[in-house]
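[1] the sequence and its predicted three-dimensional model are supplied below.
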Amino acid sequence: MANISITVQDANNITLELTPVPTQVITIDRGVAGNGIVSITPITIDTQQYLEIEFTDGTTSVVGPIATTTYFGISPIVVTGDEISLSTVPVNKGGTGATTASAARTNLGLGTAATLDAGVANGVATLDSGGTVPLSQIPNSLKGGLIYQGTWNASTNTPTLTSSVGIKGYYYVVSVAGTTNLNGIAEWAVNDWAIFDGSVWQKIDNTDLVTSVNGQTGTVVLTAASVGALSDITSTDGSVTITSPTSTTRDLSVAVSASTYNVLVQVRNTSGATLTKGTVVYISGATGQLSTVSKALATSDATSAQTLGMITADLANNSNGFVTVIGLITNIDTSAYANGAQLYLSPTVAGGVTTTKPYAPDHLVYVGVVEYSHPTQGKIFVKVQNGYELDELHNVSAQTPTNGQTIVYNSSTQLWENNTVSLTAGVNGVLPLANGGTGASTVSGAQTNLQVDPAGTAIAMAIALG
């Protein structure tokens, strides 16, 4: 039987010295993969020599007898001559099945990526928390989208941008206009974009773009109310209506019925106070190419002769508005009058009306008629008719009358003229035969004009007195 001396080297390599030197290979089971050898002890079993191997996990394994040619175990230890060494551990036994790093990577299917660092140049890409490759690890040539980098001050070049230097798709929005030169572009306005195309910086001019419509962004739908416009407009008196049909046009129309009897005149109120709807006014002057109006009153020619009509709607002082000269005043309080009542300019209330017909010395001005008596929805049809002074008649010439005068028709002028009547002198001048006179100022002249014989006249008078 051979003498055996065993030495464990580096926990795996085992030196086995035999005397005499045999030509024998013994495969020793190391047990669990990765479990180191503590010791190997020769033992004798049934007169045969064996090796008892103790592992680091406390287990043991007996191999032998040594006189046999080979022994095959799970994880082999190879005894060759006087040296015992570990052989390769198969992949299916938890090993690599190889003795070199490259062969081990090949056997395990790791490929070359197993030796590369992650997330660095010439390494392998990593994944972010979303399971995707970070943008910083994607080549610029593959980037096609735009990536907002923030605002850029084109006056101070903050942050600093350099011509032909950048990352494709990166862009900045100009916050301060300036003249920084990027690849020949030196005019930058607020809201312009500086965008790098992979080679040079380019500009997207956004200065003329609409950023909002009426304060709205996105898909904007405007209505009349959105811009403070009215969809339908009707004048106070109902004579003018602007409607909004379904087409893009707008119809400006005057009702047919209203056009036949509503006549409005634009005026200016300089009376010093608001003229309320339905106030009767007269023309008191002019300013700004408009007539000025004040409250009419039937006590004098000055405040009644130029009566124009009724105020169409409340008109503030020093404002322009309208007077209805002919037509309807609606939605007014007419409850004090009966339907069909005739209205005259009041001689006691300025701007008011009365159903009592004024007589001299008051002035007669017909204003209109009540069409509907109602406290809020009343209607007055306005048709002003001014009375006239005697000397305002076109066939009367009596501009400077004096006490006691009357008017006498003058056939030669075809005018009625003022003349003096006296109990002693009679009417000035002679009264023509056509007007019941003699046409003469003397008896003989009268007799001649009347073709009367003086003697016959005496006889006729005697007979008449009889």
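    The structure has been received and is ready for your questions.
[2] how does this protein divide up, domain by domain?
    Domain segmentation of the chain under automatic domain parsing yields 3-93, 146-204, 262-387, 393-455.
[3] would you mind finding the longest strand in the chain?
    The longest strand of the chain (DSSP state E) is strand 319-332.
[4] run me through the strand neighbours of that strand, direction for each.
    Note on strand 319-332: by DSSP bridges, its sheet partners are strand 263-269 (antiparallel), strand 307-311 (antiparallel), strand 378-386 (antiparallel).
[5] Ile329: what's it in contact with?
    By Cβ atoms under 8 Å, 6 or more residues apart in numbering, the contact list for Ile329 reads Asp237, Lys277, Gly278, Met310, Thr312, Lys379, Ile380, Val382. Heads up, the C-betas are built off the backbone N, CA and C, glycines and all.
[6] show me which positions of stretch 321-335 end up buried.
    If you call a residue buried by 16 or more other Cβ atoms under 10 Å, then stretch 321-335 has these buried ones: 321-332, 334.
[7] what does the average pLDDT come to for that stretch?
    For stretch 321-335, the mean pLDDT works out to 92.
[8] okay, now the unreliable bits of the stretch 301-450 of the chain?
    Counting by pLDDT under 70, the stretch 301-450 of the chain contains low-confidence residues at 421-429, 435.
[9] residue boundaries of the helices in it?
    For the stretch 301-450 of the chain, the helices defined by DSSP state H, counting those that start in this stretch occupy 443-450.
[10] so which residues of it form strands?
    All strands of the stretch 301-450 of the chain, identified by DSSP state E, counting those that start in this stretch, fall at 307-311, 319-332, 342-345, 353-354, 365-372, 378-386, 396-397, 405-410, 415-422, 426-427.
[11] of those, which approaches Thr151 most closely?
    With Cβ to Cβ as the criterion, Thr151 lies closest to strand 319-332 of these, at 50.6 Å.
[12] quick one on the thing from earlier: looking at the strands of the stretch 301-450 of the chain, which is nearest to Asp197?
    Smallest distance to Asp197 across those (Cβ to Cβ): 61.8 Å, for strand 319-332.
[13] CA atoms only: put that closest one into CSV for me.
    The C-alpha trace of strand 319-332 is given here as CSV (Å, rounded to 0.1, in the frame of the first residue of the first chain):
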residue,chain,number,x,y,z
SER,A,319,-75.8,114.9,-24.8
ASN,A,320,-77.1,114.1,-28.3
GLY,A,321,-80.5,112.4,-28.8
PHE,A,322,-83.6,112.3,-30.8
VAL,A,323,-86.9,114.2,-31.0
THR,A,324,-90.0,112.5,-32.6
VAL,A,325,-91.4,115.1,-34.9
ILE,A,326,-94.0,112.8,-36.5
GLY,A,327,-94.8,109.4,-35.2
LEU,A,328,-95.4,107.3,-32.1
ILE,A,329,-94.0,107.8,-28.6
THR,A,330,-94.5,104.4,-26.9
ASN,A,331,-94.3,102.9,-23.5
ILE,A,332,-95.1,106.2,-21.8
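[14] what angle separates it from strand 365-372?
    Orientation check (axes from the mean of the first three to the mean of the last three Cα atoms, to 10 degrees): strand 319-332 against strand 365-372 gives 50 degrees.
[15] does Thr287 have beta-bridge partners, and which?
    On the basis of DSSP bridges, Thr287 is bridged to Leu290.
[16] what's the local residue count around it?
    By other Cβ atoms under 10 Å, 10 other residues sit near Thr287.
[17] right, and it touches Arg268 too?
    Yes. Between Thr287 and Arg268 there is a contact under Cβ atoms under 8 Å: 5.9 Å.
[18] re the thing from before, need the winner for burial among the domains of the chain.
    Of all the domains of the chain, domain 262-387 has the most neighbours on average by mean count of other Cβ atoms under 10 Å, namely a mean of 18.
[19] follow-up on the earlier one: got JSON lines for the strands of the stretch 301-450 of the chain, with distance to Asn181 too?
    Putting those into JSON lines (distance: least, Cβ to Cβ, whole Å) gives the following:
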{"stretch": "strand 307-311", "distance to Asn181": "69"}
{"stretch": "strand 319-332", "distance to Asn181": "59"}
{"stretch": "strand 342-345", "distance to Asn181": "82"}
{"stretch": "strand 353-354", "distance to Asn181": "82"}
{"stretch": "strand 365-372", "distance to Asn181": "80"}
{"stretch": "strand 378-386", "distance to Asn181": "76"}
{"stretch": "strand 396-397", "distance to Asn181": "94"}
{"stretch": "strand 405-410", "distance to Asn181": "101"}
{"stretch": "strand 415-422", "distance to Asn181": "97"}
{"stretch": "strand 426-427", "distance to Asn181": "111"}
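[20] rewinding a little: now the domains of the chain as JSON lines including distance to Leu110?
    Shown next, in JSON lines, are the domains of the chain (distance: least, Cβ to Cβ, whole Å):
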{"stretch": "domain 3-93", "distance to Leu110": "12"}
{"stretch": "domain 146-204", "distance to Leu110": "33"}
{"stretch": "domain 262-387", "distance to Leu110": "94"}
{"stretch": "domain 393-455", "distance to Leu110": "126"}
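[21] between these, which gets nearest to Arg105?
    domain 3-93 (11.9 Å).
[22] list the contacts of stretch 157-173.
    140-141, 143-152, 178, 180-184, 191-201, 204.
[23] try 7 Å this time
    By Cβ atoms under 7 Å, 6 or more residues apart in numbering, the residues outside stretch 157-173 that reach it are 140, 143, 145-152, 180, 182-183, 191, 193-201.
[24] likewise for stretch 281-294?
    The contact list for stretch 281-294 (Cβ under 7 Å, 6+ apart) reads 266-271, 275, 295-296, 303-304, 306-308, 311, 320, 323, 351.
[25] distance between the ends of that stretch?
    Stretch 281-294 has an end-to-end distance of 5 Å (Cα to Cα, to the nearest Å).
[26] which residues touch Ala338?
    Contact analysis of Ala338 by Cβ under 7 Å, 6+ apart lists Val370, Ser373.
[27] for Lys357, see how far away it is.
    Between Ala338 and Lys357 the computed distance is 15 Å (Cβ to Cβ, to the nearest Å).
[28] Ile311 now?
    Ile311 is 23 Å from Lys357, by Cβ to Cβ.
[29] now Gly123
    114 Å.
[30] partners of the closest residue to Asn320 other than its chain neighbours in the sheet?
    Leaving aside its sequence neighbours, Asn320 sits nearest to Arg268 (Cβ to Cβ, 6 or more residues apart in numbering; 5.2 Å). Arg268 has the following beta-bridge partners by DSSP bridges: Thr292, Asn320.
[31] all helices for the stretch 101-250 of the chain, in order.
    Here the stretch 101-250 of the chain has its helices, by DSSP H, counting those that start in this stretch, at 101-108.
[32] which stretches of it form strands?
    For the stretch 101-250 of the chain, applying DSSP E, counting those that start in this stretch gives strands covering 147-153, 170-176, 193-196, 201-204, 233-234, 240-243.
[33] spit out the contact partners of Arg153.
    You called it Arg, but residue 153 is Asn. Counting by Cβ under 7 Å, 6+ apart, Asn153 makes contact with Ser175, Val176, Gly178.
[34] ok, the closest residue to Val353 other than its chain neighbours to Asp301 distance?
    Leaving out its chain neighbours, the residue that sits closest to Val353 by Cβ to Cβ, 6+ apart is Leu343, at 4.2 Å. Distance, Leu343 to Asp301, by Cβ to Cβ: 20 Å.
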